[in-house]
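>>> compute the structure for the input listed below.
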Amino acid sequence: MRTRPTLSWTATGAPLPRTTSLDEVVRALAAGRVLVLSGAGLSTESGIPDYRGAAGSLRKHTPMTYDEFVGSPAGRRRYWARSHLGWRTIARARPNAGHLAVTRLHAAGRVTGVITQNVDGLHQAAGTPDVVELHGGLDRVICLGCRRTSPREDLDRRLRAVNPGFAAEASRVNPDGDVDLAEAEVRSFRLVDCADCGGVLKPDVVFFGENVPKPRVERCGALVDAADALLVLGSSLTVMSGLRFVRRAADAGTPVLIVNRGETRGDAHASVRVDLPLGQALTTLADLLA
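Numbering: from 1, shown residues only. As a prediction, the model looks like this:
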């Protein structure tokens, strides 16, 4: 059974109080055993837009859904043509001050684990170990037939080989690696199948409307249960895949602290809601505690 995609949410009631003080976050990190849950807002300073911020991509772009990808050959062609360009931008992106600060806090024992909703691999590029990629990673491809995974670089080489004259340019990349591309350029793009079984290739990411694999959900749940605090970084918590862990922590009495620009769907569960740029806030925290 597939879930219905949740692309947006509407806040009800008056906004809950927000602060620019990091004092409560400092106290939680000083005690240790803090689990980080990060979202697209953490990667905006690396040049990758988020979905729902002031300049979020959902204002101009509808992301690929699982049903469209598996059910529509034209949809797959459109996705791979646009992602063929967008992935290069994602692959060139480098960790920003926020990612590096999380790595410092982890190395100092303040952060014990990281769950990321991002598919850009920037936490790992910054040196943070054992990151759980809740929604998968754009650096891998999976065959829907034989389930074999392979590096995205391999697919990129194969797509370049069968599309030697493909010279489209992207003006904007989205958090899922998709870009805006003229339909005429999409129609000329050629696809390749799985080199092993001839099956359909899909990026090893969780599309909107697709379920996160159960073992991954269980692993994240265990991390939440073992933490003394949950620190949400740069996520609106719109989709249930991330929000469920905020609710799980709150139900267990584990403090939830949110650092994000603007309101989130999880604000009611948080003991503090800090509204600061992520790079600035996390660097301050790392300088104090790491």
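>>> which parts of the stretch 1-150 of the chain are strands?
Applying DSSP state E, counting those that start in this stretch to the stretch 1-150 of the chain gives strands spanning 34-38, 111-116, 132-133, 136-143, 149-151.
>>> which of the ones you listed sits most buried?
Mean neighbour count (mean count of other CB atoms under 10 Å) peaks for strand 34-38 among those, with a mean of 26. The C-beta positions use only the backbone N, C-alpha and C, and glycine is treated the same way.
>>> list the strands paired with it, with their directions.
Its sheet considered, strand 34-38 pairs with strand 111-116 (parallel), strand 229-233 (parallel) by DSSP bridges.
>>> compile the strands of the stretch 1-150 of the chain into CSV and extend it with columns for distance to residue 200.
Shown next, in CSV, are those (distance: least, CB to CB, whole Å):
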stretch, distance to residue 200
strand 34-38, 30
strand 111-116, 26
strand 132-133, 22
strand 136-143, 7
strand 149-151, 13
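>>> reformat the strands paired with strand 34-38 as CSV; add mean pLDDT and distance to residue 173.
Conversion of the strands paired with strand 34-38 to CSV gives the following (pLDDT from 0 to 100; distance: least, CB to CB, whole Å):
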stretch, mean pLDDT, distance to residue 173
strand 111-116, 98, 18
strand 229-233, 98, 21
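>>> quick one: which of those is nearest residue 123?
Proximity to residue 123 (CB to CB) singles out strand 111-116 among the strands paired with strand 34-38, at 5.4 Å.
>>> got the angle for the closest one vs strand 136-143?
Relative orientation of strand 111-116 versus strand 136-143 (axes from the mean of the first three to the mean of the last three CA atoms, to 10 degrees): 50 degrees.
>>> need the strands paired with strand 34-38 in a markdown table (columns: distance to residue 19).
Shown next, in a markdown table, are the strands paired with strand 34-38 (distance: least, CB to CB, whole Å):
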| stretch | distance to residue 19 |
| --- | --- |
| strand 111-116 | 21 |
| strand 229-233 | 15 |
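>>> now the strands: where do they sit in the stretch 151-290 of the chain?
Counting by DSSP E, counting those that start in this stretch, the strands of the stretch 151-290 of the chain are 201-205, 229-233, 256-259, 272-274.
>>> quick one: which of those strands is nearest residue 126?
strand 229-233 (12.9 Å).
>>> still on that earlier bit, dump the strands of the stretch 151-290 of the chain to a markdown table, plus mean neighbour count.
Below are the strands of the stretch 151-290 of the chain laid out as a markdown table (neighbours: other CB atoms under 10 Å):
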| stretch | mean neighbour count |
| --- | --- |
| strand 201-205 | 21 |
| strand 229-233 | 26 |
| strand 256-259 | 25 |
| strand 272-274 | 22 |
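>>> of those, which is nearest residue 13?
strand 272-274 (14.3 Å).
>>> next one: that closest one to chain centre, how far?
Its chain's average C-alpha position is 21 Å from that of strand 272-274, according to CA atoms, centre = their mean, to the nearest Å.
>>> repeat for stretch 38-47
On CA atoms, centre = their mean, the centre of stretch 38-47 falls 8 Å from that of its chain.
>>> got the buried residues for it?
38-46 (16 or more other CB atoms under 10 Å).
>>> how about stretch 68-78?
Using 16+ other CB under 10 Å as the test for burial, stretch 68-78 gives 68-69, 76-78.
>>> need the pLDDT of residue 237.
Per-residue pLDDT puts residue 237 at 96.
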